[in-house]
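Enquirer: With the sequence up front, the predicted model follows.
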Amino acid sequence: MMTPSTPPPLPPRAYVVSQFPEFCETFILNEIVELGQRGIPFEVFSLKRCHDTQFQPRARDLMQLVTHYAPSIFSPRTIASHLAFLFSRPGVYFRCLSLAFGSRRGGMAVLAKTLYVFLQAPFFARRARDLNIAHIHAHWASIPSSAGLFIARMAGLGFSLTAHAYDIFIDRTLLAEKIRSATYLVTCTQYNRDFLLREFPWADPERIRASYHGVDLNVFDHAHDAAAEEPVILSVGRLCATKGFPTLIDACAILRDRGIDFRCRIVGDGPLRRALEERIARADLCGRVEIAGLMEREALLEEYRRARLFVLPCVVTRRGDRDGLPNVVLEAMAMGLPVVATDVSALGEAVKDGETGRLVPSRNPTLLADAIASLWDDAPLRAKMGESARSRVRREFGLKECIDRLAAFIHSSHR
């Protein structure tokens, strides 16, 4: 029921994403559901078919009810969509095509991907009209928002986007044009917002909003069970370069050599899995360090409950890629775990050194091992830090509060 202070619902909008649902992008799923409950309904335009075999809760219903996939770019429906826009809006069509070719400055691979989503755009633009979509929003400032921009222009609709990490630090395909065209831009940390305003000083700061993904405190709000605690270092994340897992493995070798009794469990999967397993074997850590693969939420909750510490030693890669604020850090804090992390990107916006955990320089396994060792046998200090971490998440990073703020910003941007 609407109250005098509740803004009226917005017309339906479309979320453009690379693939929906993506197992590791729970934040997008949460955002769609929570914004819908606040009068901001979304259909999902997925550029690729979902190939995941595991889904987060609620994802399957959204796949069936509000998710739309593009047919082949050679299908009669796609060709008919192109012909329709060529005849009805030829100027807009060719300006979008010219803009797509402008992506060649990012290299041939980027150009090929941009041209591909340009070929998908007329289908989605017609679908937007059929569904009475009023606005196009894209998640990720790279290829998905290129598609979103083409769709919005062909359909004559407003456009906005959410930027995350790789898509602003590495792949800035047409980013200046997207910022100029966007009604608003959301990014997931204050660090990212500051970075964008430095890189694009002409951008209107009122239209760029930092909005944390937030953590669902109805799920991740179970006090750490000290009675069930095991001597486990827990780390969670996609097995990719930005997470810094080689540093964690090297730190584990140092801890073993110091005679510390522990096990380390790395939950996740990704392109570096084989290389990390080989590193574990070379360090003679088999049996102490384990890559546990992907886990559904209930199993992951048990990992948080039983672990002694959560560790995520993120790095800035040689190309400049980095994470923003990984949601797993907030989940661990919400579960009452102290966090040992690196002072990279926005991690310090959540982890306060000496208060909710420890922050150390990146790529330094000795300092990482020192930080872990400083907390390992000090149960009262870990309990104090874990409670501080839990309280901080409840104050600053709850999903409901984060989405409330985001919804208010979106409503204000459409007045």
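Expert: That came in fine, so what should we check first? Numbering: from 1, shown residues only.

Enquirer: Show me how far stretch 207-215 is from its chain's centre.
Expert: 11 Å (C-alpha atoms, centre = their mean, to the nearest Å).

Enquirer: Could you list everything residue 16 pairs with in the sheet?
Expert: Beta-bridge pairing for residue 16 (DSSP bridges): residue 45, residue 138.

Enquirer: Which SSE is immediately downstream of the helix or strand bottoming out on mean pLDDT in the chain?
Expert: When each helix and strand of the chain is scored by mean pLDDT, DSSP states H and E, helix 59-65 comes last, with a mean of 72. Going down the chain from helix 59-65, the next helix or strand is strand 67-69, by DSSP states H and E.

Enquirer: which residues of the stretch 251-400 of the chain fall in helices?
Expert: Assigned helices in the stretch 251-400 of the chain, in chain order: 273-282, 297-306, 327-334, 365-376, 379-396, 399-413 (criterion: DSSP state H, counting those that start in this stretch).

Enquirer: which of the residues in the fourth one are buried?
Expert: Spelled out, that is helix 365-376. Buried residues in helix 365-376, defined by neighbour count with 16 or more other C-beta atoms under 10 Å: 365, 367-373, 375-376. For glycine as for every other residue, the C-beta is placed from the backbone atoms N, C-alpha and C.

Enquirer: Kindly report the same for the second one.
Expert: For helix 297-306, the neighbour count (16+ other C-beta under 10 Å) marks 300-301, 303-306 as buried.

Enquirer: Please convert the residues you listed to CSV, extending it with pLDDT and distance to residue 405.
Expert: Putting those into CSV (pLDDT from 0 to 100; distance: C-beta to C-beta, whole Å) gives the following:
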residue, pLDDT, distance to residue 405
300, 93, 26
301, 93, 26
303, 94, 30
304, 95, 26
305, 93, 29
306, 93, 33
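
Enquirer: and of the residues you listed, the nearest to residue 136?
Expert: Nearest to residue 136 among the buried residues of helix 297-306 is residue 300, at 33.1 Å by C-beta to C-beta.

Enquirer: partners of the closest residue in space to the closest one that isn't next to it in sequence in the sheet?
Expert: Once flanking residues are discounted, residue 300 sits nearest to residue 267: 6.4 Å by C-beta to C-beta, 6 or more residues apart in numbering. Applying DSSP bridges to residue 267 gives these bridge partners: residue 236, residue 293.

Enquirer: Next up, the contacts around residue 267.
Expert: Going by C-beta atoms under 8 Å, 6 or more residues apart in numbering, residue 267 touches 234-237, 292-295, 300, 303.

Enquirer: Can you flag the buried ones in those residues?
Expert: For those, a neighbour count by 16+ other C-beta under 10 Å gives the buried set as 234-237, 292, 294-295, 300, 303.

Enquirer: With distance to residue 172 added, can I get the helices of the stretch 251-400 of the chain in a markdown table?
Expert: Below are those laid out as a markdown table (distance: least, C-beta to C-beta, whole Å):
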| stretch | distance to residue 172 |
| --- | --- |
| helix 273-282 | 28 |
| helix 297-306 | 33 |
| helix 327-334 | 23 |
| helix 365-376 | 31 |
| helix 379-396 | 29 |
| helix 399-413 | 23 |
